[in-house]
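**Student:** For reference, the sequence and a predicted model appear below.
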Amino acid sequence: MAMENELPSVVLSKVAVSETHGEDSPYFAGWKAYDENPYDESSNPSGVIQMGLAENQVSFDMLEDYLGQHSEASIWGKGSPGFRENALFQDYHGLKSFRQAMAGFMEQIRGGRAKFDPDRLVLTAGATAANELLTFILANPGDALLVPTPYYPGFDRDLRWRTGAKIVPVHTESSNNFQVTTQALEDAYERAVAMNINVRGVLLTNPSNPLGATIHRSVLEDILDFSTRKNIHLVSDEIYSGSTFYSSEFTSIAEILEARGYKDSERVHIVYSLSKDLGLPGFRVGTIYSYNDKVVTTARRMSSFTLISSQTQHLLASMLSDKKFTESYIKTNRERLRKRYEMIIQGLRNAGIECSKGNAGLFCWMNLSPLLETRTREGEVALWKSILHEVKLNISPGSSCHCSEPGWFRVCFANMSEETLEVALKRIHNFMEQRKTASV
Amino acid sequence: MVFKLNNHLLSRIASSNGHGEDSPYFEGWKAYDSNPHHPMENPNGIIQMGLAENQLSFDLIQDWLKNNPKASICTPEGVNEFREIAIFQDYHGLPEFRNAVAKFMAKVRGNKVTFDPDRVVMNGGATGAHETIAFCLADPGEAFLVPTPYYPGFDRDLRWRTGVKLIPVDSESSNNFKVTREALENAYEMAKLNNIKVKGLLITNPSNPLGTMLDRETLRSIVRFINEKNIHLVCDEIYAATVFSQPEFISIAEIVQEDIECNLNLVHIVYSLSKDMGFPGLRVGIIYSYNDAVVSCARKMSSFGLVSSQTQYMIASMLSDDEFVGKFIRESKTRMAARHRVFTDGLAQASIKCLETSNAGLFLWMDLRGLLKEKTFEAEMALWRVIIHEVKLNVSPGCSFHCTEPGWFRVCIANMDDQTMEVALSRIRTFVNKDVDTKKPKRTLRWQGSLKLSSPRIYDDFINSPHSPLPQSPLVLARN
């Protein structure tokens, strides 16, 4: 449709032409390979199995059952009273019933160990929007957030692209299971200062993506203390909080603040979403919970650019207010994820592959460093390519997560049926067998 | 929670007032929020006439929903699709959604043009679409030209987080606020003089707040202008289906279709279902661009404001129903025409004129220049406060739309039922007659000072919302 013309081609913005959208990373290249040749049990059994997508598909039946029994959730299915109000409702405060339901759900996930005030919940279309929005509020262009590695590849876009903010990585090591240390935080901070970069905050993901592990309470205390010492913000992305295999093993930053009587809490902000715990990424339900009034007000105003559909708010308000349902869902979901995790860990172990210790999330953090030809990023990418094209598994290379040690891979296990996971494990097993015989 | 952190610990964007909520546009809403009209419970409350919503045709939608339970993934009929839809987060959007939207856009334009579904990009409402387009087309410090009077939300949507500037292109009542080539050139030159790079021109057609359409000649002139200057043209056609009488709506899509010399890479349309269908809550915003790079970039950015897949699915279903869509568009126009007529007649009885050329939109552009004590914006604000507090109508003063002439007000007429409309009209008649009758000097009204309400901070948050306030929407229903 573009016209031929002799005019100089009109310029788009710098943001538009930059590559900070991040789609040229291998994280996404694997997805393309999957898209072109997707595995299907019957119609394409030799296709690529998608293990690079952190989706939770193990608990849909519970949601479907709920809907089957609760027609009041479907205002938009029956055009019932309340429909008109819902269609018109665009208030950036969000449906009060929905915020209350979300706050209650977040409390349940934390076993009642923290309280959430619905009036501090700001709604956004997904955690993607929440993280970007917070960055706009906390940092000026050129300022930085400290982010422990390895981290979710999407942060490179979400935190930096349109905001102009920078990420300064906080390095971690396999020797202590990639836990964050105060030393590492201080090092990162110094590095930023040396580059004349203003650090505005620390951004954690707890439980961690891609590690699939919760952050120890003592480590959280250290990180909070560090943030207080430097007088910077602390953002805790707790998107996988409902996906911990044992409820007691997760400590939310909210619990720590409560224990401290909310001293210095104005610097703390929590991001949450229903995309992982409830498996509803399509619905775009994200939230920011901030202990800082000005951040709440400003975030609320900014959420105008990214509100949650009132239709979806209504559906979820209904579903999440049903405490019996949510109690049962949370419990069952944890159990199913744990079983999946155990299945994949055992299967990998049988194939001679070890993973780091995990207790949460929709993935495991696999160590293939013994297989590397060279212990370099290039070696890792080469191995990754062969896994993608020969073994036909799309897994995510650690370098796309900015891991400082080559050879680690994130492998998702909750976005497929058990049968498909068996197939994947078998392929890995065969791959490892072949390598053994080849090297003899 | 005591706020202890210094302000400087938030970004400049956060600390600025680029959110725009200090404008009079929102002051009236605050006043309404604290005293909203309700036919039974608060008959003397303020009637909301500052909210451009389309509430005239919900019954049609409701009927369709009852008859099409499969459109919802929550009903027994539709729940089979739940899983697929719930995990669908591809920023290309559901193909059936894009197809349905493209078809709908064409139908609204009388099928005189077609739209390519692959150029349809979702956004978080037109609000999100405008911000995204600004991010794609302009760097911080660069500018868009915008004809006045214009929608106050643009000041926030296009500037707040993007750092982009807006340069007004003035228009005058003497020629019914038409956009002239001369005015465009003047604005462009002003920018140059101030060393500001102009990246594009933003027009809203049909216009908010004027309720008028741009004629073919003006549109062609605009297209020539942007081609000559090699700047972008963003056309907000959010009110396209609200054109209720002749002449028919002419979309920019039609103009560029016939104009073989136009550089299509410069042309972009912003659209939404919030006005034409009356669904602001669903956040269905659209960018339609003829520029491949913009489509690609906007699509990536849409990650920050995707339309809920649940909503995409339902909309796809609804808008693919050709018979329903045809009926809806026709009936909606008929009702809008009727509402428009009743209001303009009612106002005429009170000797109040509205912009004659208006044949679209959910509002009237009311001429109250005759009621101003003097031709100043202070007088306009004084009159406005009287209308809010004495006449108890929340209307929007022209200055909040950056109108260059004082005395004009935007009055929304499609967001209420017939009864409330009658109440509003009778209040206006009463006010005008009183004003004509009285020979005494006006009493000093105690609220002629600042309209700021003093209340605890957290309550302020609620009444600061520029959208429908909690706990109820400004919808006024006659409850039995």
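**Tutor:** Here it is on my side, so go on. Predicted model, so just to flag it, every value in this text is computed and none were measured.

**Student:** Show me the shaky parts of the stretch 1-150 of chain A.
**Tutor:** A:1-10, A:26, A:75-81 (pLDDT under 70).

**Student:** can you give me the helices in it?
**Tutor:** With DSSP state H, counting those that start in this stretch as the criterion, the stretch 1-150 of chain A has helices at A:14-17, A:26-36, A:60-69, A:75-78, A:83-88, A:96-109, A:127-138.

**Student:** Buried ones in the second one, by neighbour count?
**Tutor:** By that I understand helix A:26-36. A:26-31, A:33-34 (16 or more other C-beta atoms under 10 Å in any protein chain shown). No exception for glycine: its C-beta is placed from N, CA and C like everyone else's.

**Student:** element containing B:Gly361?
**Tutor:** B:Gly361 is part of no helix or strand when elements are defined by DSSP states H and E.

**Student:** Okay, it and B:Leu202: tell me how far apart.
**Tutor:** Distance, B:Gly361 to B:Leu202, using C-beta to C-beta, to the nearest Å: 17 Å.

**Student:** So for these two, which residue has more residues nearby?
**Tutor:** B:Gly361 (30 against 25; other C-beta atoms under 10 Å in any protein chain shown).

**Student:** Secondary structure class of the residue of the stretch 151-300 of chain B found nearest chain A, three-state.
**Tutor:** Per C-beta to the nearest C-beta, B:Gly281 is where the stretch 151-300 of chain B lies closest to chain A, at 3.1 Å. Using DSSP: H, G, I helix; E, B strand; the rest coil, the structure places B:Gly281 in helix.

**Student:** Settle this for me: it is touching A:Phe89, isn't it.
**Tutor:** Yes. At 4.3 Å, B:Gly281 counts as touching A:Phe89 under the criterion of C-beta atoms under 8 Å.

**Student:** Common neighbours of those two, please.
**Tutor:** A:Ser310 (C-beta atoms under 8 Å, 6 or more residues apart in numbering or on different chains).

**Student:** Pick out whichever of those two has more residues nearby.
**Tutor:** B:Gly281 (29 against 26).

**Student:** For that one, which residues are in contact?
**Tutor:** A:86-90, A:309-311.

**Student:** rerun that using 7 Å as the cut-off
**Tutor:** By C-beta atoms under 7 Å, 6 or more residues apart in numbering or on different chains, B:Gly281 lies in contact with A:86-90, A:309-310.

**Student:** which residues touch residue 58?
**Tutor:** Here I'm looking at chain A. A:Val58 sits in contact with A:336-337, A:340, A:414, where contact means C-beta under 7 Å, 6+ apart.

**Student:** meant chain B actually
**Tutor:** A:84, A:87, B:278.

**Student:** which among the contacts of A:Val58 gets closest to chain B?
**Tutor:** A:Ala414 (11.4 Å).

**Student:** count of residues packed around the closest residue to that closest one other than its chain neighbours?
**Tutor:** Once flanking residues are discounted, A:Ala414 sits nearest to A:Leu362: 4.0 Å by C-beta to C-beta, 6 or more residues apart in numbering or on different chains. Look at A:Leu362: counted by other C-beta under 10 Å, it has 25 neighbours.

**Student:** mind pulling up the phi and psi values for A:Leu362?
**Tutor:** With angles defined as degrees, to the nearest 10, A:Leu362 sits at phi -110, psi 20.

**Student:** That one contacts A:Gln57, doesn't it?
**Tutor:** No. With contact defined as C-beta atoms under 7 Å, A:Leu362 does not count as touching A:Gln57 (9.1 Å).

**Student:** which residues are in contact with both of the two?
**Tutor:** Counting by C-beta under 7 Å, 6+ apart, the residues touching both A:Leu362 and A:Gln57 are A:414-415.

**Student:** which regions of the stretch 251-400 of chain A sit below the pLDDT cut-off?
**Tutor:** In the stretch 251-400 of chain A (pLDDT under 70), no residue qualifies.

**Student:** With chain B instead?
**Tutor:** B:1-8, B:435-480.

**Student:** And the strands in it?
**Tutor:** B:47-48, B:120-124, B:143-147, B:165-169, B:198-204, B:232-236, B:267-272, B:284-289, B:353-354, B:363-367, B:393-394, B:396-397, B:408-412 (DSSP state E).
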